[in-house]
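with the input below, show me the fold.
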Amino acid sequence: MPKTLQKLIIVESPTKAKTITKFLGSDFKIDSSYGHVRDLPKKKLGVDLEHDFAPEYVIFKENQKRITALKKLAAKADEVYYATDEDREGEAISWHLSEIFNLPKSKERRIAFHEITKEAILAALDHPRQIDMNLVDAQQARRVLDRLVGYKISPFLWKKVAKGLSAGRVQSVAVRLIIEREREITAFNKEEYWSVEADFKKPSDGEFRGKLHRVGGQMLDKMAIKDQATADNYLEQLNSAKYQVAKVEKKETQKNPLPPFTTSTLQQDANRRLGFSAKQTMMIAQQLYEGVVLGGEGQVGLISYMRTDSLNLSEKFLGEASEFIKKNYGADFGLEAPRHFKTKSKGAQEAHEAIRPTEVYRQPEEMKDHLTPQQYKLYNLIWRRAVASQMAVAVLANTAVDVSNDKNDLVFRATGQVIKFAGFLSAYPSGGQDIILPDLTEGEKLDLLKIEPLQHFTQPPARYSDATLVKALEEKGIGRPSTYAPTINTIITRGYVSREEKRLKPAEIAFLVNDLLVEHFPEIVDYDFTAKMEGELDEIAAGELKWQPVIKKFYGPFSENLEKKYGELNKEDIVNQETSEVCDKCGKPMIIKIGRFGKFLACTGFPECKNTKQINGAGEIEPEETLDEKCPNCGKPMVYKHGRFGKFIACSDYPKCKTTKQVLKTIGMKCPECKEGEVVIRHGRGRVFYGCSRYPDCKFTSWKKPGEAEKSGEGEA
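Numbers count the residues shown, from 1 in each chain. Below is the predicted model:
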């Protein structure tokens, strides 16, 4: 007889399993599924359109050995606990395991916890439940819906535009946001405006700068001074004037702390303060949640679950935080009663807890030696934000000073801010710098040190960063905590977007695909439609809707329209544009075509004639520039070409010889490691990064532009 296990607990990751093991006795065995155990097949639709959209799940070959081992353990166990993450995705993994094991229901338990601590694990074991089929169905609906959109639209794009393209229910909406922002930038007409600014000084001490604020009793708006002539006219009026303080206004204001992090706000702040991408943030947060080794303590989970849109904090944490704040910051920094926050997120759901440290007494500096630099930075951010949310408001003294003169009614204004009581800012500084004005009194004489006109131009809206795109998606109710990072990663890896200087720039092919979807499949990229679909998925999770009717309501019109568009649209009409150019190799007309990496000029004699030419954004032919360099493989001349990441060097005998290499663009500084090579811009994984020109002799690389980290105060809260 095989030995019987008493209790088997299954989690997703071996790290999580290791952390939990230390809390439980020898009658428990904790093992891992290593993530998802089965999914829709990779090479076919896997959804039965004739039978209520029934999904066909398969265990992938690479998972089979692990599943077989878990199935044997489950068969021997008296009780099997599914302890996957406490969200729809985690619930679905538990259900998939249950379906594979096919155990008696009396043997199965579902437990969930928001943090990996002994107290949370024991509490979960004391309160097991059944698998929540409403959450499972919501996840199934999302998976089937995304498969139908992706599997049906992507082949259409391959046939009508270019091979290798894809579309997705959320990814295409994200691309649309980026495209629309890019068009705003392109259409933006900058306007010139000027300011007149002066440096003043008290005769005793204390310098400050003021800006011309009021003329003839009328306040100047930002764009009031249109040109240098107007600015110079004001300067003439101020020649040999004598200055004095006309008015001093002091106003005390209070600043409230921000709520603890949700998934969205964590990704936004980690991007803004630390320069982390959404994907990087979630990867590091997962490590902190599942556990890191803390010396003699062993494996310890440092933060609560990181996929959440709740702003709640546990009573235990609130009590410990209050005690900690009063002890370490002072009684004045604490609160009489805990501060609670209400979420403003559209469709907020799966409301467990906000992201917080599992133990407030594990201060970031004490953890630093046990964490990687990236783990420390993120833990520091999470710890400080959660603690600050339970601290007293900050008290600020805002000061506005008006400076007049003895010649005319031209008034300058200077503003400043002083922190009178730091409150929560002691734990979570705002990152701004206070402009501190000298102590001034009305009627006081001032010396003019300098006065100057300054030229400015209005700025176009900035491209989306990871942070601002996540915020835009959340505000529109598109996607959920678990989808933001994968969505951004998908549109980058599939070539629709690249990350340049921390901003998301659309590729040329993205414009074509987006415009095609907007015109012919508007529901796929419609913001309101996508948000409404997210709402219906929430209703399925709450047990208020069945998932199959939701899919049916979408798929019927979608499928009918898709079939219609296959007949109506011709690839040549979409991707080809006639030109007056004639092929210099065969004499046939040349047309502008578009491929995955942008527009190019191609011979209509293809495939017999494969002649192509590079064109610029205006559709003009860019002459092939030959280098004084021979191809190392075939000896033909090397030439400059243009591709997805801009200019590169290639063999002139392409496509017979496919030798290529990057054009190394320097940023004007020496390599910080070897001190010999130049720092050059490189491209990889859809992102711009920086490396040494002496590679591979020097392997220095950095996602950040060297020197930026020091300037931005990277890692500081």
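
all contacts plus neighbour counts: C-alpha atoms, from now on.
OK.

can you confirm Gln244 is in a helix?
No. Using DSSP: H, G, I helix; E, B strand; the rest coil, the assignment for Gln244 is strand, not a helix.

measure Trp383 to Thr308 for me?
For Trp383, the distance to Thr308 equals 16 Å [C-alpha to C-alpha, to the nearest Å].

same thing with Glu108?
26 Å.

now do the helices in the stretch 551-700 of the chain.
571-575 (DSSP state H, counting those that start in this stretch).

quick check: Pro461 touching Ile178?
No. At 11.6 Å, Pro461 and Ile178 do not qualify as touching, with contact defined as C-alpha atoms under 8 Å.

quick one, which of those two is more surrounded?
Set side by side, Pro461 and Ile178 show more neighbours around Ile178, with 23 against 12, by other C-alpha atoms under 10 Å.

contacts only, for that one.
By C-alpha atoms under 8 Å, 6 or more residues apart in numbering, the contact list for Ile178 reads 463-464, 504-506.

list the buried residues for the helix or strand containing Leu396?
Per DSSP states H and E, Leu396 falls inside strand 394-405. Applying a neighbour-count criterion of 16 or more other C-alpha atoms under 10 Å, one finds 394-396, 398-399, 401-405 buried in strand 394-405.

more neighbours: Glu108 and Thr308, which one.
Applying other C-alpha under 10 Å to Glu108 and Thr308 shows that Thr308 carries more neighbours, namely 25 against 21.

could you report the distance from the more buried one to Lys571?
Applying C-alpha to C-alpha to Thr308 and Lys571 gives a distance of 43 Å.

can you check Glu249 too?
67 Å.

show the average pLDDT along the top helix by length along the chain.
Taking DSSP state H as the criterion, the chain has its longest helix at helix 133-160. Across helix 133-160, the average pLDDT comes to 95.

any weak-confidence spans in this structure?
Scanning the chain for pLDDT under 70 picks out the ranges 1-5, 344-351, 431-433, 595-598, 616-620, 622-624, 642-646, 684-687, 707-717.

which residue is nearest the middle of it?
Asp466 (2.9 Å; C-alpha atoms, centre = their mean).

enumerate every residue touching that one.
So, once contact is read as C-alpha under 8 Å, 6+ apart, Asp466 ends up touching 267-268, 271, 277-278, 488, 502-504.

ok, now Lys593?
So Lys593 contacts 575-577, 599-602 (C-alpha under 8 Å, 6+ apart).

quickly list what the closest residue to Trp703 other than its chain neighbours is bridged to.
Spatial nearest neighbour of Trp703, excluding adjacent residues (C-alpha to C-alpha, 6 or more residues apart in numbering): Phe689 at 4.6 Å. Bridge pairing for Phe689 (DSSP bridges) gives the partners Arg682.

Ile681 is in contact with Phe689, correct?
Yes. The pair Phe689 and Ile681 passes the contact test of C-alpha under 8 Å, sitting 6.0 Å apart.

how is the protein divided into domains?
Using automatic domain parsing, the domain ranges for the chain come out as 5-131, 141-188+462-568, 192-256+394-457, 263-388, 574-662, 665-712.

off-centre distance for the shortest one?
From the chain centre to the centre of domain 665-712 is a distance of 23 Å (C-alpha atoms, centre = their mean, to the nearest Å).

with the first one instead?
Domain 5-131 has its C-alpha centroid displaced from the chain centroid by 29 Å (C-alpha atoms, centre = their mean).

Leu448 touches Phe200, doesn't it?
Yes. Between Leu448 and Phe200 there is a contact at 4.8 Å, judged by C-alpha under 8 Å.

ok, these two, which is more surrounded?
Phe200 (22 against 17).

OK, contacts around the more buried one?
207-210, 446-450.

could you measure from it over to Leu313?
49 Å.

Val11 too?
24 Å.

do Lys71 as well
Distance from Lys71 to Leu313, by C-alpha to C-alpha: 37 Å.

farthest pair in the buried residues of strand 394-405?
Pairwise distances across the buried residues of strand 394-405 (C-alpha to C-alpha) peak at 36.0 Å, for the pair Ala394 and Asn405.

picking that back up, please save the CA atoms from the strand holding Leu396 in CSV.
Coordinates of each C-alpha in strand 394-405 appear next as CSV, following Å, rounded to 0.1, in the frame of the first residue of the first chain:
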residue,chain,number,x,y,z
ALA,A,394,1.2,68.0,6.3
VAL,A,395,0.8,71.7,7.1
LEU,A,396,2.2,74.1,4.5
ALA,A,397,2.7,77.9,4.5
ASN,A,398,2.1,79.3,1.1
THR,A,399,3.4,82.9,0.5
ALA,A,400,2.7,85.2,-2.4
VAL,A,401,4.7,88.5,-2.6
ASP,A,402,3.8,91.4,-5.0
VAL,A,403,6.6,93.8,-5.9
SER,A,404,5.7,97.2,-7.3
ASN,A,405,7.7,100.1,-8.6
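
show me what it pairs with in its sheet, parallel or antiparallel.
With DSSP bridges as the test, strand 394-405 pairs up with strand 243-255 (antiparallel), strand 410-421 (antiparallel).

any idea which helix or strand comes after the last one?
Scanning forward in sequence from strand 410-421, with DSSP H and E defining helices and strands, the next element found is strand 445-457.

will you turn the contacts of Phe200 into JSON lines that also has distance to Lys641?
Shown next, in JSON lines, are the contacts of Phe200 (distance: C-alpha to C-alpha, whole Å):
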{"residue": "Glu207", "distance to Lys641": "55"}
{"residue": "Phe208", "distance to Lys641": "53"}
{"residue": "Arg209", "distance to Lys641": "51"}
{"residue": "Gly210", "distance to Lys641": "52"}
{"residue": "Leu446", "distance to Lys641": "62"}
{"residue": "Asp447", "distance to Lys641": "60"}
{"residue": "Leu448", "distance to Lys641": "57"}
{"residue": "Leu449", "distance to Lys641": "55"}
{"residue": "Lys450", "distance to Lys641": "52"}
